[in-house]
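Enquirer: What would the 3D arrangement of this be:
(2 chains)
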Amino acid sequence: EDQVTQSPEALRLQEGESSSLNCSYTVSGLRGLFWYRQDPGKGPEFLFTLYSAGEEKEKERLKATLTKKESFLHITAPKPEDSATYLCAVQIVSNTGKLIFGQGTTLQVKP
Amino acid sequence: NAGVTQTPKFQVLKTGQSMTLQCAQDMNHEYMSWYRQDPGMGLRLIHYSVGAGITDQGEVPNGYNVSRSTTEDFPLRLLSAAPSQTSVYFCASSYRREGYGYTFGSGTRLTVV
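Expert: Purely as a prediction, here's the structure:
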């Protein structure tokens, strides 16, 4: 069964304290892995797409990496405005284009 | 460039009522989809469309209908609302079915009493 698991469920950091969020996946055929940011009461906002193991993408304080079994979202020197829920989603090779989402990691960055 | 626009933002229905959630995108995206987000269940695909006139079922389609008469619009119809359909609904669009990041709308929070 295709599955995506994110850890931890919640993460509290002090401003400037770097950390990583994990997304592990078990799928039949990976088309792409996506990271989204979701603020309370809003829709997910696209951050990155990773297509193959070894690939890395960066945006400001965020860096996403991909292996054959998991992806990491590294947050360097976070600021309070980075507080949000981060969602990982996998797209498998299929007719539907469906994204299989993890449960998300809720990040709180305290000043 | 508005992106993906969903209306209404909030709605309360009585069991058995019907309604339509509206979704429009102005990015000329071929692929559009509807997801529902529930605590502990994550986001799940309801219906999707790969182009005007073409729709198909996703993971949780029961109780919902869709149509796609234009590239821009993809409404979701609840036929006879049930409390189990209380959820937050998101419309998302993408340039193509696979390999591209989705753009999500801001969501409709639906409560069925």
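
Enquirer: The residue nearest to the spatial centre of chain B bridge partners, please.
Expert: Chain B has B:Trp34 as the residue nearest its centroid, 3.0 Å off, counting by CA atoms, centre = their mean. Beta bridges link B:Trp34 to B:His47, B:Cys91 when assigned by DSSP bridges.

Enquirer: tell me the contacts of it?
Expert: Shown in contact with B:Trp34 (CB atoms under 8 Å, 6 or more residues apart in numbering or on different chains): B:21, B:23, B:45-48, B:58, B:64, B:66, B:74, B:76, B:89-92. Heads up, the C-betas are built off the backbone N, CA and C, glycines and all.

Enquirer: For it, give its distance to chain A.
Expert: As judged by CB to the nearest CB, to the nearest Å, B:Trp34 and chain A stand 11 Å apart.

Enquirer: Show me which of the contacts of B:Trp34 is closest to A:Lys68.
Expert: B:Leu45 (24.7 Å; CB to CB).

Enquirer: hey, C-alpha coordinates of the host helix or strand of the closest one in CSV?
Expert: Under the criterion of DSSP states H and E, B:Leu45 resides in strand B:42-51. Output in CSV follows, covering the C-alpha atoms of strand B:42-51 (Å, rounded to 0.1, in the frame of the first residue of the first chain):
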residue,chain,number,x,y,z
GLY,B,42,-4.8,14.3,5.8
LEU,B,43,-5.8,15.4,2.4
ARG,B,44,-7.7,13.0,0.2
LEU,B,45,-8.7,13.2,-3.5
ILE,B,46,-12.4,13.4,-4.2
HIS,B,47,-12.6,14.0,-8.0
TYR,B,48,-10.3,15.2,-10.7
SER,B,49,-10.3,16.5,-14.3
VAL,B,50,-7.6,16.4,-16.9
GLY,B,51,-9.4,18.8,-19.2
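
Enquirer: hmm, the first helix or strand past that strand going along the chain in reach of chain A?
Expert: Using DSSP H and E, the helix or strand that follows strand B:42-51 in sequence is strand B:54-57. Yes - Strand B:54-57 comes into contact with chain A (CB under 8 Å from any CB of the partner chain), by way of B:Asp56.

Enquirer: and the closest residue in space to A:Glu56 that isn't next to it in sequence, what are its bridge partners?
Expert: Distance criterion CB to CB, 6 or more residues apart in numbering or on different chains; nearest residue to A:Glu56, sequence neighbours excluded, is A:Thr65 at 5.0 Å. The bridge-partner assignment for A:Thr65, based on DSSP bridges, gives A:Glu56, A:Phe72.

Enquirer: Also B:Ser87?
Expert: So, taking DSSP bridges as the rule, B:Ser87 has B:Leu110 as bridge partners.

Enquirer: Does it touch B:Asp38 like I think?
Expert: Yes - with contact defined as CB atoms under 8 Å, B:Ser87 counts as touching B:Asp38 (5.3 Å).

Enquirer: The two: which has the busier surroundings?
Expert: More neighbours surround B:Ser87 than the other of B:Ser87 and B:Asp38, with 21 against 13 (other CB atoms under 10 Å in any protein chain shown).

Enquirer: So for that one, what's the pLDDT?
Expert: We have a pLDDT of 98 for B:Ser87.

Enquirer: and what of B:Gly58?
Expert: pLDDT recorded at B:Gly58 is 92.

Enquirer: quick one: is stretch A:5-19 near chain B?
Expert: No - judged by CB under 8 Å from any CB, stretch A:5-19 and chain B are separated, with a smallest distance of 9.4 Å.

Enquirer: Fine, thanks again, bye for now.
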